[in-house]
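Q: Here is the input, now give the coordinates:
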Amino acid sequence: MIESNNYGILENIYSFAQSLIDKNKNRNFNFARVIFFDILDSSYGTSLRLLDNDKELTDINTPDDDDYNIFHSLLFVRDQILKETGKRIWGLTFTLYPDGKYEIEYDYNIPEGFNEKGEWIGEQDFGEVTEFFDNIRNIGTDEFKLK
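A: Here you go, the predicted structure:
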């Protein structure tokens, strides 16, 4: 699906997953899985996993995604798929096996609280933070509460 002349983009993601394996080579596992989720215009989430069959290993050493230009790569893949299929991906799961083979799965489900353009449409409740700033606005009034 991704044009072959853009191999370097997928190479960034592959190298990132390979570095996860390299940083944990003293552990027993069957594959590494990197899950990128909520791919928006300015951010994304990441979950890094090493799995021994279906058991997830804990306390793993993780690479720094900034070293691999991951965000640029994800945006490129997202935009390229949108251009080629008319469908936007919101997540990407990259599974790398010790023999170098890999699988890529795309998630087309819109994250909760967002619309199809990636704009936030959900409610934001920041609890104490909102309360704090609301109180600051009341400085100099009878409604200000000194805590």
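
Q: all contacts plus neighbour counts: C-alpha atoms, from now on.
A: Fine.

Q: So Arg78 sits against Lys87, correct?
A: No. Applying C-alpha atoms under 8 Å, one finds Arg78 not in contact with Lys87, separated by 9.0 Å.

Q: Roughly how far does the residue nearest to Asn30 when sequence neighbours are not counted sit from Ile39?
A: When the adjacent residues along the chain are set aside, Asn30 lies closest to Asp52, with 4.9 Å between them (C-alpha to C-alpha, 6 or more residues apart in numbering). When distances are taken as C-alpha to C-alpha, to the nearest Å, Asp52 and Ile39 turn out to be 27 Å apart.

Q: These two: who's more crowded?
A: A side-by-side neighbour count of Asp52 and Ile39, using other C-alpha atoms under 10 Å, places Ile39 first with 23 against 14.

Q: From Asp41, how far out is Leu75?
A: In this structure, Leu75 and Asp41 are 7 Å apart, going by C-alpha to C-alpha.

Q: Who has more neighbours out of these two?
A: More neighbours surround Leu75 than the other of Leu75 and Asp41, with 19 against 12 (other C-alpha under 10 Å).

Q: Spell out which helix or strand contains that one, please.
A: With elements taken from DSSP states H and E, the one containing Leu75 is helix 70-85.

Q: Likewise for Arg49?
A: strand 45-52.

Q: one step back: the more surrounded of Arg78 and Lys87?
A: For Arg78 versus Lys87, the count of surrounding residues by other C-alpha under 10 Å is larger for Arg78: 21 against 14.
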